[in-house]
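Engineer: can't give you the sequence, but here's the structure:
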């Protein structure tokens, strides 16, 4: 069963200005177009900048993203797929899933482009 919408992992506006694009959003656009799914590009915000996860151990990764995200508005989706470019420990996905489930989502999946090891 396909989700109601896709939610790319958001970047903080400062990091987005530095990089110029959000790789998770670019991946999500391709998937949304291919599967004819709704893309919620701005449903979740990264409300504070976080350190890059590269080089952090699992505990540090979970601590780094704790409280970093918030919803931009109310939502009513039952099923959501989070889109991320890389899955390593799941810290980012878990933090986002918790926010989405507290809102209304009953099912949250992670769709990732690649899997990395720490």
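Structural biologist: In hand now; what should we look at? In this text, all values refer to a predicted model and were calculated from it rather than measured experimentally. Numbers count the residues shown, from 1 in each chain.
Engineer: Helices of the chain, residue ranges please.
Structural biologist: 13-19, 23-35, 58-65, 91-103 (DSSP state H).
Engineer: Show me what the second one packs onto, helices and strands only.
Structural biologist: Yep, that's helix 23-35 we're talking about. strand 5-8, strand 38-39, strand 79-87 (3 or more CB pairs under 8 Å, 6 or more residues apart in numbering; DSSP states H and E). Placement of C-beta: from N, CA and C, glycine included.
Engineer: just those: most buried one?
Structural biologist: Neighbour counts (mean count of other CB atoms under 10 Å) averaged over each of the helices and strands packed on helix 23-35 peak at strand 5-8, with a mean of 26.
Engineer: can you give me the mean pLDDT across that one?
Structural biologist: Averaging pLDDT along strand 5-8 yields 98.
Engineer: Work out the sheet partners of that strand and label each with its direction, please.
Structural biologist: Sheet pairing of strand 5-8 (DSSP bridges) gives strand 38-39 (parallel), strand 79-87 (parallel).
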